[in-house]
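following is a predicted model, sequence given first.
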Amino acid sequence: MKGNVLDLAVAVIIGGAFGKIISSLVEDIITPLILKPSLEAAGVASIEEWAPGGIFLGKFLGAAISFLVIAFVMFLIIKSFNKLNKPAPAEPAAPAGPTETELLIQIRDLLKK
């Protein structure tokens, strides 16, 4: 049980750091590259400042983009981890001997001779 608690603690710490990296990726790279023309047309500097009708949709969109990037990266990590931990294929079973019926037929044929 102690090993599981330690693994959980490491996962929480790594998750927190990973969240900061993804937030920076979304805010500093993805948003300026993809949304820059749209933001300039709306007259705002960042997506968080975009508030049509007084509702801060920009903050929500930033959080949604961050979530999607985190979910996609976690999907890739888990998929590769599962691929690495895939159990080796089982060896084919040894060919089974003759069935009881086949043995009886062979015995019958030998007795006829």
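The structure has been received and is ready for your questions.

nearest the geometric middle of this structure, what residue?
Residue closest to the average C-alpha location in the chain (C-alpha atoms, centre = their mean): F75, at 1.5 Å.

what about P32, distance to F75?
From P32 over to F75 the distance is 25 Å, taken as C-beta to C-beta, to the nearest Å. Backbone N, C-alpha and C define where each C-beta goes, glycine included.

er, P89 actually
Counting by C-beta to C-beta, the gap from P89 to F75 is 25 Å.

figure out how far the lowest-mean-pLDDT helix or strand in the chain is from the centre of its chain.
Every helix and strand in the chain was compared by mean pLDDT, DSSP states H and E; the lowest is helix 31-42, with a mean of 75. With C-alpha atoms, centre = their mean, to the nearest Å as the basis, helix 31-42 stands 29 Å off its chain's centre.

pLDDT averaged over the following helix or strand past it, what's the number?
Helices and strands here follow DSSP states H and E; after helix 31-42, the next one along the chain is helix 57-84. The average of the pLDDT scores along helix 57-84 is 79.
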